[in-house]
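>>> sequence below, structure please.
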Amino acid sequence: MSVAIGVGLTEFPFARTGDYWRWVDLCEAGGIDSIWQTDRLVSTQPILECMAVMAALAGRTRRLRFGMNVVSLALRDPILLAKQCATIDVLSEGRLLPAFGIGSPLGPEWQALNIDTRTRGKRTDEALEIISRLWREDSVDYAGTHYRLEGASISPKPVQPDLPMWIGGSSEAAIRRTARYGTGWQAGGEMPADAGKVVAAIKQATAEAGRSIDDDHYGAGFPFYFGSADDKIVAVAMTAYTKRTGRKSEGYFAVGDEHTIIDRVAEYVGVGVEKFILRPIGRDGEAVIDQTRRLIDKVIPMVEARWPKKAKAH
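I've put the predicted structure just below:
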């Protein structure tokens with residue numbers, strides 16, 4: 001198995017930019033596998049734009065991989081996004097983990113940008129085909145409902161010969177989308193049992209399509225907090241999560257100690273998930289740094305002991 005622990009942020013909790021970079025440097029030095037930034041274009045809370053974060057992380061780090069969790073394709077121009085991903089992959093020497101989805105219908109972007117949410121799926125499918133072809137082909141012609149291209153090309157191409165294309169979502173359409181285009185799947189707020197059903201469905205769909213996805217390319221995530229469920233910040237975070245996603249927060253957040261977190265990881269591993277995006281809960285940047293440090297000191301060693309990585313053959 002290849003269980004890997006990454007961390008992710010939605011809002012920007014840091015008082016100063018330097019504190020954010022302290023957090024990134026801690027992840028880089030502490031054995032965190034990857035950093036993920038939630039995509040949000042319209043918000044009243046401070047949230048960083050995910051593609052700009054990817055570029056900044058490419059320059060700041062040397063080991064960490066990084067991705068967007070997940071970029072809403074219906075809100076982006078596919079040629080620009082394909083070019084951004086390729087550029088960042090080149091400059092980071094192959095450390096980008098692009099992840100795509102249709103976006104939550106509860107997001108404020110649709111009304112703000114006057115985009116019909118009913119077009120999300122079709123726009124996303126067309127964009128995925130355009131992006132994947134631009135990464136591989138020297139000239140792309142495309143005639144779709146929402147996009148039309150003639151002789152489109154980007155250069156340089158991504159460094160990774162098969163740049164990962166992680167797909168988010170658990171609907172039947174998302175499963176078909178992953179089976180057709182994806183090299184990995186990233187859960188949203190699915191609990192282990194539901195995530196396991198999606199993993200099984202994607203494996204069946206990819207087999208029927210004559211494709212396969214590596215066993216270690218199924219991911220999930222959840223918020224974590226070292227402390228008590230009675231702490232006020234936990235209630236605040238749960239309420240915000242439910243408002244933002246429409247999902248129930250009870251049972252999804254891992255609140256307690258390192259054993260609580262590792263047990264939750266094990267539940268997901270048991271249903272076929274091996275990649276994780278854990279989101280630290282904290283009232284401010286210092287608390288987020290402290291929570292991340294505890295994750296590094298207490299959970300990462302337990303993960304490495306319980307699921308040791310196989311040595312690569314030379």
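>>> from residue 53, how far off is residue 253?
Distance of residue 253 to residue 53, given as C-beta to C-beta, to the nearest Å: 24 Å. Heads up, the C-betas are built off the backbone N, CA and C, glycines and all.
>>> cool, and residue 269?
Counting by C-beta to C-beta, the gap from residue 269 to residue 53 is 28 Å.
>>> between those two, which one's more packed in?
A direct count of neighbours by other C-beta atoms under 10 Å for residue 269 and residue 53 places residue 53 higher, at 23 against 20.
>>> which regions of this structure sit below the pLDDT cut-off?
311-314 (pLDDT under 70).
>>> OK, contacts around residue 83?
134, 154 (C-beta atoms under 8 Å, 6 or more residues apart in numbering).
>>> could you rerun that using 6 Å?
By C-beta atoms under 6 Å, 6 or more residues apart in numbering, the contact set of residue 83 is residue 154.
>>> quick check: which element contains it?
For residue 83, the host element (DSSP states H and E) is helix 78-91.
>>> cool, and residue 8?
Going by DSSP H and E, residue 8 is part of strand 4-9.
>>> and the helix or strand just after that strand, C-alpha only, in CSV?
The first helix or strand that comes after strand 4-9 along the chain, using DSSP H and E, is helix 17-30. As requested, the backbone C-alpha atoms of helix 17-30 are provided in CSV (Å, rounded to 0.1, in the frame of the first residue of the first chain):
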residue,chain,number,x,y,z
THR,A,17,1.9,36.2,4.8
GLY,A,18,5.0,35.1,6.6
ASP,A,19,2.9,32.8,8.9
TYR,A,20,1.6,31.0,5.8
TRP,A,21,5.1,30.3,4.6
ARG,A,22,6.0,29.1,8.1
TRP,A,23,3.1,26.6,7.7
VAL,A,24,4.3,25.6,4.3
ASP,A,25,7.9,25.2,5.4
LEU,A,26,6.7,23.0,8.3
CYS,A,27,4.8,20.7,5.9
GLU,A,28,7.9,20.6,3.6
ALA,A,29,10.2,19.6,6.4
GLY,A,30,7.8,17.4,8.3
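>>> buried residues in helix 17-30, which are they?
For helix 17-30, a neighbour-count test (16 or more other C-beta atoms under 10 Å) marks 19-20, 23-24, 26-28 as buried.
>>> what does that helix contact?
With contact meaning C-beta under 6 Å, 6+ apart, helix 17-30 is reached by 14, 35, 60-61, 63-64, 285, 289, 296.
>>> nearest to residue 74 among these?
Of all the contacts of helix 17-30, residue 74 sits closest to residue 35, with 24.4 Å by C-beta to C-beta.
>>> what's the neighbour count on the closest one?
Neighbour tally, residue 35, other C-beta under 10 Å: 25.
>>> secondary structure class for the nearest residue to it once chain neighbours are set aside?
Using C-beta to C-beta, 6 or more residues apart in numbering and skipping the chain neighbours, the partner closest in space to residue 35 is residue 66 (4.7 Å). Under DSSP: H, G, I helix; E, B strand; the rest coil, the three-state class of residue 66 is strand.
>>> quick one: residue 66 and residue 56 touch, right?
No - in this structure, residue 66 is not within contact of residue 56 by C-beta atoms under 6 Å, at 9.4 Å.
>>> who's more crowded, these two?
residue 66 (27 against 17).
>>> which ones are touching the more buried one?
Shown in contact with residue 66 (C-beta under 6 Å, 6+ apart): 34-35, 54, 57.
>>> show me which of those are buried.
Using 16+ other C-beta under 10 Å as the burial test, the contacts of residue 66 include 34-35, 54, 57 as buried.
>>> what's the most distant pair in those residues?
34 and 54 (11.3 Å).
>>> count of neighbours near residue 273?
27.
>>> got it, and residue 210?
7.
>>> and the gap between it and residue 179?
10 Å.
>>> repeat for residue 274
19 Å.
>>> relative to helix 17-30, how tilted is the strand holding residue 8?
If you take axes from the mean of the first three to the mean of the last three C-alpha atoms, to 10 degrees, strand 4-9 sits at 170 degrees to helix 17-30.
>>> distance between strand 4-9 and the chain's centre?
9 Å (C-alpha atoms, centre = their mean, to the nearest Å).
>>> still on that earlier bit, from the chain's centroid, how far away is the helix holding residue 83?
On C-alpha atoms, centre = their mean, the centre of helix 78-91 falls 17 Å from that of its chain.
>>> just the strands from the stretch 151-300 of the chain, written as ranges.
166-168, 184-186, 218-226, 254-256, 275-280 (DSSP state E, counting those that start in this stretch).
>>> can you give me the helices in the stretch 151-300 of the chain?
Counting by DSSP state H, counting those that start in this stretch, the stretch 151-300 of the chain has helices at residues 172-181, 192-208, 232-245, 258-269, 285-294, 300-306.
>>> tell me the buried residues in the last one?
Neighbour-count burial for helix 300-306 flags 300, 302-303 (criterion: 16+ other C-beta under 10 Å).
>>> same question for the third one.
For helix 232-245, a neighbour-count test (16+ other C-beta under 10 Å) marks 234, 237-238, 241, 244 as buried.
>>> that's all I had, so thanks and see you.
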